[in-house]
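> Please find the sequence and the predicted model below.
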Amino acid sequence: MGNSELTVEVCCRIDPMKIQAFKTLLGELCGLVKLQRLTKIIVVPDHQVAETVNALLELATTRANPYAPGSYAAQAITIPLELYGELFCFIVIAESIVQGLSVARYHTSDAVSAVLEEFLHVWHYSEIWDRRGYIQPSRDGTDLCTADLFVLSSKMHDEYVVGRIKSEILATVPLVDNADDATTVRIMYGDKVDIRLENAFGGLYRTISNASLGAISKSDTWNQLTNIMYRDILEPLGRDSACRYGNEEVPRTETIALQSPFFSQIFSEYWNGIRVQLERTIDTGLRETEPALDEIVTILRSFLAKIGITFQKTVDGICWVNVDRGWLDSLRTDSIR
């Protein structure tokens with residue numbers, strides 16, 4: 001897909017020269033990534049990124065505002081929409097990315113990193129679609145909780161695969177403006193993994209405590225738990241390890257994560273198993289992605305059981321969540337608190 005085939009919709013006031021510089025950058029990065037099913041790139045004011053993402057997602061879901069930004073609001077997001085038996089990918093990019101460009105210098109680190117990452121997401125979603133024919137799993141034949149764990153695992157896997165490939169490209173191909181020409185760069189995850197993991201412990205503790213006291217509903221309990229598991233455990237560990245892979249100048253993610261008592265005493269054994277499965281998918285050229293994801297779901301279910309959360313499919317096909325506060329009680333004299 002060349003520059004002339006890309007559709008860019010600009011929904012804010014930007015100097016036409018900056019827009020042309022942005023389109024030139026898009027055309028150059030197209031040569032590095034096999035793009036299929038990219039429908040449109042939409043540039044919006046920074047504060048409208050989440051709103052625009054949700055407007056697109058609502059085309060394919062009945063849920064209102066299904067996307068909620070994490071602690072760091074993303075400046076670029078790829079949305080895969082499954083409509084009419086086909087996959088359509090949209091990229092939403094914050095205005096500030098384009099405003100930072102000029103005709104003379106349009107390979108800024110922010111722009112190159114953001115565009116390359118989203119192009120890789122489009123590529124990866126297309127690979128998934130070609131391989132199995134869907135992005136979001138069907139919930140037919142399984143309980144809602146297992147389907148949700150598969151979604152969490154898939155999101156983490158997508159970030160890991162894209163992060164690994166993006167890091168390798170940026171470390172070996174000179175793409176970012178330097179004083180005189182272009183240079184290679186090493187990227188790092190932008191948050192502190194150990195702090196996110198400690199946030200996870202606090203969130204899990206409060207949610208399970210409230211659930212055991214009947215202060216929150218079963219559905220709210222599950223929604224809070226899965227949000228914590230993704231935002232404060234799976235996403236930071238997956239993204240950070242993808243950036244650090246192959247970089248011998250920095251410590252491994254696990255070394256940093258061990259500064260978190262929650263990770264060192266509870267989650268490390270589960271993460272080690274998850275990481276093996278993530279690397280398995282890369283090592284097999286993504287061919288073993290689905291069995292690897294099934295293994296990750298099993299690992300996550302085991303972790304939930306460890307902290308007192310089990311679930312079962314009811315006769316009407318929904319998921320019933322059980323909460324045992326035994327884990328909380330065991331922490332009363334444990335140093336992790």
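Ah, there it is. This one's a predicted model, so the numbers in the text were calculated from it and none came from an experiment.
> check contacts around the residue nearest to Pro69 when sequence neighbours are not counted.
Leaving out its chain neighbours, the residue that sits closest to Pro69 by C-beta to C-beta, 6 or more residues apart in numbering is Ala50, at 5.2 Å. Bear in mind the C-beta positions are built from the backbone N, C-alpha and C, glycine included. Contact analysis of Ala50 by C-beta atoms under 8 Å, 6 or more residues apart in numbering lists 67-69, 73.
> Just the buried ones out of these, please.
The neighbour count (16 or more other C-beta atoms under 10 Å) marks Tyr67 as buried among these.
> can you give me the strands in the chain?
8-10, 38-44, 76-83, 86-94, 176-177, 182-183, 309-313, 319-323 (DSSP state E).
> is it true that Ile296 touches Gln277?
Yes. If you go by C-beta atoms under 8 Å, Ile296 and Gln277 touch, sitting 5.1 Å apart.
> where's the residue nearest to Pro69 relative to Asp181, distance?
Ala50 sits 37 Å away from Asp181, going by C-beta to C-beta, to the nearest Å.
> try Gly190
Counting by C-beta to C-beta - Gly190 and Asp181 are separated by 26 Å.
> Output the strands of the chain as a markdown table; include the columns mean pLDDT, mean neighbour count and distance to Arg252.
Listed next are those as a markdown table, based on pLDDT from 0 to 100; neighbours: other C-beta atoms under 10 Å; distance: least, C-beta to C-beta, whole Å:
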| stretch | mean pLDDT | mean neighbour count | distance to Arg252 |
| --- | --- | --- | --- |
| strand 8-10 | 97 | 15 | 39 |
| strand 38-44 | 97 | 20 | 34 |
| strand 76-83 | 94 | 20 | 27 |
| strand 86-94 | 96 | 22 | 31 |
| strand 176-177 | 92 | 18 | 25 |
| strand 182-183 | 90 | 14 | 25 |
| strand 309-313 | 88 | 16 | 29 |
| strand 319-323 | 89 | 18 | 34 |
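> wait, which of these is closest to Ala215?
For the strands of the chain, the distance to Ala215 is smallest for strand 319-323, at 11.2 Å, taking C-beta to C-beta.
> Check what contacts that closest one and list those residues.
Contacts with strand 319-323, where a contact means C-beta under 8 Å, 6+ apart, come from 143-146, 208, 211-212, 218, 221-222, 308-314.
> do the same with stretch 123-135
33-37, 78, 80, 82, 87, 89, 154, 158, 161-162, 286, 289-290.
> Tell me how the chain divides into domains.
3-136, 158-333 (automatic domain parsing).
> Could you list every helix and strand that the longest helix seen in the chain packs against?
With secondary structure taken from DSSP state H, the chain has its longest helix at helix 144-172. With contacts defined as 3 or more C-beta pairs under 8 Å, 6 or more residues apart in numbering; DSSP states H and E, the packing partners of helix 144-172 are helix 109-132, helix 218-229, helix 235-244, helix 268-283, helix 289-306, strand 309-313, strand 319-323.
> Any chance of a markdown table for the ones you listed, columns distance to Thr172?
Listed next are the helices and strands packed on helix 144-172 as a markdown table, based on distance: least, C-beta to C-beta, whole Å:
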| stretch | distance to Thr172 |
| --- | --- |
| helix 109-132 | 13 |
| helix 218-229 | 33 |
| helix 235-244 | 14 |
| helix 268-283 | 16 |
| helix 289-306 | 24 |
| strand 309-313 | 43 |
| strand 319-323 | 45 |
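> one step back: columns distance to Phe150 on top of the domains of the chain, output as JSON lines?
JSON lines is the format used below for these (distance: least, C-beta to C-beta, whole Å):
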{"stretch": "domain 3-136", "distance to Phe150": "9"}
{"stretch": "domain 158-333", "distance to Phe150": "5"}
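> Tell me how far the residue lying closest to Leu234 once chain neighbours are set aside lies from Gly190.
Among residues not flanking Leu234 along the chain, Met156 sits closest, at 4.2 Å (C-beta to C-beta, 6+ apart). Per C-beta to C-beta, Met156 is found 17 Å from Gly190.
> the more surrounded of the two?
Met156 (25 against 10; other C-beta atoms under 10 Å).
> so that one makes contact with Arg231?
No. Here Met156 lies out of contact with Arg231, judged by C-beta under 8 Å, at a distance of 10.8 Å.
> Need the per-residue pLDDT for the closest residue to Ala68 other than its chain neighbours.
Of all residues not flanking Ala68 in the chain, Ala50 sits nearest, at 7.5 Å (C-beta to C-beta, 6+ apart). On pLDDT, Ala50 comes in at 92.
> how far away is Ala50 from Pro66?
As judged by C-beta to C-beta, Ala50 and Pro66 stand 11 Å apart.
> residues shared between the contacts of these two?
Contact with both Ala50 and Pro66 is made by no residue, according to C-beta under 8 Å, 6+ apart.
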